[in-house]
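Asks: need the 3D shape of this:
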Amino acid sequence: QAALTLGDEVLFPAGTYMHSATLTGKSNQRIVFDKGATLKATTVAALGSGGVQGLAFTSASNISVIGFNYDGNRAGRGPTGGVGGATGAHSLVFNGCANVYIEQPTISNSPADGILIGCSNAASDTRSHNVVCIGGRVTNAYRNGISITGVKNCKIVGTRCDNTNGTAPEYGIDVEGDLAAAPQNNNDNVIIDACYLHNNTGRGASLAGYTMRSSIINCLVANNGGTTDAVQCWGLADEAGTATAQSTDNRIENNHVFGTIAGGSSIYGGILVRSDNTIIKGNIIDAGGGRGIRADVATATGQVIEDN
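Replies: Coordinates of the predicted model:
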């Protein structure tokens with residue numbers, strides 16, 4: 001922690017670094033993990049609300065995190081006592097941050113979310129802004145691989161999110177405004193591009209309440225939806241949330257969705273649409289049974305479905 005507090009350029013050489021308290025970064029900082037460098041939580045690192053996170057930034061700007069290699073040690077730590085919401089034991093956290101660049105993260109065994117991007121204060125617009133994540137992998141997270149709960153302008157490109165399992169929603173990537181912090185902290189212009197989303201117990205990726213002008217494009221989405229909850233057994237979804245927490249003007253285009261797992265129900269499939277003005281175009285869908293595309297026109301209007 002001393003190096004992160006003092007240094008603008010922080011290098012983790014090869015080796016395993018055990019920690020039992022959250023490591024915090026700051027503004028105008030570049031953090032690089034050399035090949036063979038791993039940060040790992042100890043078995044006594046706290047869980048639940050106020051739990052020990054891997055590396056966290058709050059209200060910081062101009063941040064680069066390169067090669068972040070983290071083991072959340074969920075088998076050794078639990079999880080017990082729940083994931084703890086925004087202050088849970090997530091692995092890489094950006095709350096209310098701006099101009100963030102993440103390159104080739106490798107995050108495994110998180111007892112909560114692998115990556116969390118959100119706001120720092122629910123009472124006002126403190127969304128994160130201008131966040132980019134390139135490549136890497138998030139695997140075996142307990143709740144979501146990546147959670148995006150309050151951000152304007154975010155790109156997740158070429159990231160693999162797989163084998164999320166433990167507690168709902170269990171998505172590879174969950175883009176969903178925090179209802180306690182919305183609408184002032186809604187998601188706006190989130191792009192999930194060319195990601196590999198597979199073997200997640202819930203959906204591969206989902207756009208949900210208070211998310212607008214966002215896209216899931218060019219992704220490979222395979223063998224998701226193993227839960228017995230039929231509503232969650234979809235490869236991709238754009239879901240309105242509640243009547244007062246609508247998603248709108250989103251796109252799901254040019255994805256390949258296949259092998260969605262039945263979860264014990266016939267009401268499942270490739271793409272679920274429950275939001276206004278969603279464009280579903282150019283997708284290849286082999287859901288393995290159930291429905292290819294389900295559009296709920298009773299709860300949403302202006303949907304465009306073509307060339308799938």
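
Asks: would you map the helices across the protein?
Replies: If you assign secondary structure with DSSP state H, the helices in the chain sit at 2-6, 74-77.

Asks: residues of the shortest one that come out buried?
Replies: Of the residues in helix 74-77, those with enough neighbours to count as buried (16 or more other CB atoms under 10 Å) are 74, 77. C-betas here are computed from N, CA, C, even on glycine.

Asks: export the helices of the chain to CSV and tack on distance to residue 125 and mean pLDDT?
Replies: CSV is the format used below for the helices of the chain (distance: least, CB to CB, whole Å; pLDDT from 0 to 100):
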stretch, distance to residue 125, mean pLDDT
helix 2-6, 27, 94
helix 74-77, 33, 92
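
Asks: out of the ones you listed, flag the one nearest residue 56.
Replies: Closest of the helices of the chain to residue 56 is helix 2-6, at 10.3 Å (criterion: CB to CB).

Asks: who's in contact with that closest one?
Replies: Helix 2-6 is contacted by residues 10, 23, 24, 25, 26, 29, 31 when judged by CB atoms under 8 Å, 6 or more residues apart in numbering.

Asks: let's see 6 Å
Replies: Residues from elsewhere that reach helix 2-6 (CB atoms under 6 Å, 6 or more residues apart in numbering): 10, 23, 25.

Asks: the first one: what's it in contact with?
Replies: It refers to residue 10. If you count contacts by CB under 6 Å, 6+ apart, then residue 10 has 3, 4, 31 around it.

Asks: redo that, cut-off 10 Å
Replies: 3, 4, 25, 29, 30, 31, 32, 33, 65 (CB atoms under 10 Å, 6 or more residues apart in numbering).

Asks: right, and the last one touches residue 39 too?
Replies: No: Residue 65 sits out of contact with residue 39 when judged by CB atoms under 10 Å, with a separation of 11.2 Å.

Asks: quick check: neighbours shared by those two?
Replies: With CB under 10 Å, 6+ apart applied, the overlap between the contact sets of residue 65 and residue 39 consists of 33, 55, 92.

Asks: circling back to that earlier point, please pick the buried ones from the contacts of residue 10.
Replies: Looks like the contacts of residue 10 have 25, 29, 30, 31, 32, 33, 65 buried, using 16+ other CB under 10 Å.

Asks: any figure for the gap between the spatially closest residue to residue 202 that is not a sequence neighbour and residue 50?
Replies: With sequence-adjacent residues excluded and distances taken as CB to CB, 6 or more residues apart in numbering, residue 202 is closest to residue 170, at 3.7 Å. Separation of residue 170 from residue 50 (CB to CB, to the nearest Å) stands at 23 Å.

Asks: repeat for residue 146
Replies: Applying CB to CB to residue 146 and residue 50 gives a distance of 22 Å.

Asks: which of the two has more neighbours?
Replies: In this comparison of residue 146 against residue 50, neighbours counted by other CB atoms under 10 Å, the higher total goes to residue 146 at 29 against 13.

Asks: now, which of the buried ones among the contacts of residue 10 sits nearest residue 292?
Replies: Looking at the buried ones among the contacts of residue 10 and their distance to residue 292, the nearest is residue 65, at 38.2 Å (CB to CB).

Asks: buried ones in stretch 109-117?
Replies: Counting neighbours by 16+ other CB under 10 Å, the buried set in stretch 109-117 is 109, 110, 111, 112, 113, 114, 115, 116, 117.

Asks: next step: these restricted to strands.
Replies: The members of these that map onto strands under DSSP state E are 115, 116, 117.

Asks: from what I see, the last one and residue 63 are in contact.
Replies: The reference is to residue 117. No: Residue 117 is beyond contact range of residue 63, at 11.7 Å (criterion: CB under 10 Å).

Asks: return every residue with contacts to both of the two.
Replies: Common neighbours of residue 117 and residue 63 (criterion: CB under 10 Å, 6+ apart): 94, 97, 100, 102, 131.

Asks: tell me which two in those are the farthest apart.
Replies: Greatest spatial distance among the shared contacts of residue 117 and residue 63 (CB to CB): 97 and 102, at 10.9 Å.
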